[in-house]
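Undergrad: Compute the structure for the input listed below.
(one chain, ligands or ions: 1)
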Amino acid sequence: MKTVTETLAHPRLKREMRLQNAMITMYCKQHHVYQGKVCRECDRLQQMTARKLAFCESGTEKPTCATCTAVCYTLVVSKQVKTIYRWGRARVWLRHPILMSLYLIDSIKPSQMPKPKLLNL
Ligand SMILES: [Zn+2]
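TA: Numbers count the residues shown, from 1 in each chain. Sure, this is the predicted structure:
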């Protein structure tokens, strides 16, 4: 089994991880106590998002997390990630325009994800 670092060596996943980390870092600098590195809570969030990205069941063919239909975060973490994304999506254009442009191109690629299975209730 590959490690997180080995899996995230794939260029597309690496780009997405860099963008996620950039947004979390920008958010932490504005909202938390940033002392040369992100706070403990944001560090934990960066590690968790990297793990989720690396071990997504769709592997390197996964859609970007924003367009993915799989549910991999708990409700609390999902809310945290969405808050950071909403706050950072416009701001990240100013700091990382190339990375954000590549992310948008990745977002419009057709998804390789299978449709979510309906629950038999
Ligand atoms: Zn923080």
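
Undergrad: For Ile84, give me its contacts.
TA: Taking CB atoms under 8 Å, 6 or more residues apart in numbering as the criterion, Ile84 is in contact with 23-24, 27, 45. C-beta: built from backbone N, CA, C; applies to glycine.

Undergrad: quick one, what contacts the residue nearest in space to the middle of the chain?
TA: The structure's the chain has its C-alpha centroid closest to Gln20; by CA atoms, centre = their mean the separation is 4.5 Å. Neighbouring residues of Gln20 by CB under 8 Å, 6+ apart: 46, 49-50, 53, 65.

Undergrad: So Thr69, which state does it fall into?
TA: coil (DSSP: H, G, I helix; E, B strand; the rest coil).

Undergrad: let me redo that: Tyr73
TA: Applying three-state DSSP to Tyr73 yields a three-state assignment of coil.

Undergrad: If we ignore the residues flanking it in sequence, what's nearest Gly88?
TA: Met23 (3.8 Å; CB to CB, 6 or more residues apart in numbering).

Undergrad: Let's verify the one you found: helix, strand, or coil?
TA: Taken by three-state DSSP, the conformation at Met23 corresponds to helix.

Undergrad: in this protein, which spans are helices?
TA: Listed from the start of the chain, the chain has helices (DSSP state H) covering 4-7, 11-31, 40-54, 75-95, 97-108.

Undergrad: Pick the one among the contacts of Ile84 closest to Arg89.
TA: Closest to Arg89 out of the contacts of Ile84 is Met23 (7.7 Å), distances taken as CB to CB.

Undergrad: Can you give me every residue that contacts the closest one?
TA: Contact analysis of Met23 by CB under 8 Å, 6+ apart lists 84-85, 88-89, 92.
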